[in-house]
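Trainee: After the sequence you'll find the predicted model.
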Amino acid sequence: MPIPQKTLSTSKAFTRLSMLIAGAGLAAAAWAAEPAPKDTTATNPLGLRAVGAGLRHVLALLALEGAMVTVLGVALGLVMAVLGIALLSPWLQSQFGLTLSLSEPTLNEWLLMASLLVAGWLASLLPGIRAYRLSLADGLSPRI
């Protein structure tokens, strides 16, 4: 039995909306993230600047970290989706008559994964931009 076109259209719209909300949440979390201790230089972009790292170096480190975390997240999501389909497909078939099968990702799915990678990478740049805007003295002076 073919799936009605309206259902597919609604599914795509819901997927796009959930991606937008997840991206906004990721950006908000990255923007609001503060390193826990202010005196550590390894996790604080301003601390890295204090020991001589340039702005490009700090941005490059944050971009690399964000890219690695995002790639790991997309890969883990892909593996979990494949395992979920492989393990739950027989149960879904017997309980609900729903047939799921594994197949190669379509062009739209590849584009979806690429857009997730780009969004995660861009969100990882927000702490670096914030460090760029703050002066070095602001980051090193204790807050009372």
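Mentor: Perfect, I can see it now.
Trainee: any idea how far P105 is from A114?
Mentor: Taking C-beta to C-beta, to the nearest Å as the measure, P105 and A114 are separated by 11 Å. All C-beta atoms are positioned from the backbone trio N, CA, C, and that covers glycine.
Trainee: Show me which helix or strand of this structure is least confident by mean pLDDT.
Mentor: Within the chain, confidence by mean pLDDT, DSSP states H and E is lowest for helix 136-140 among all helices and strands, at a mean of 56.
Trainee: What average pLDDT does the helix or strand where L78 lies get?
Mentor: Assessed by DSSP states H and E, L78 sits inside helix 55-96. Here helix 55-96 scores 86 as its mean pLDDT.
Trainee: what's that helix packed up against?
Mentor: helix 45-50, helix 107-124, helix 126-133 (3 or more C-beta pairs under 8 Å, 6 or more residues apart in numbering; DSSP states H and E).
Trainee: tell me the angle it makes with helix 107-124.
Mentor: Note on geometry: by axes from the mean of the first three to the mean of the last three C-alpha atoms, to 10 degrees, helix 55-96 and helix 107-124 are set 140 degrees apart in direction.
Trainee: isn't A86 right up against L102?
Mentor: Yes - between A86 and L102 there is a contact at 6.6 Å, judged by C-beta atoms under 8 Å.
Trainee: And A42, what's its pLDDT?
Mentor: So A42 comes in at 48 (pLDDT).
Trainee: E109: neighbour count?
Mentor: Neighbourhood size, E109 [other C-beta atoms under 10 Å]: 14.
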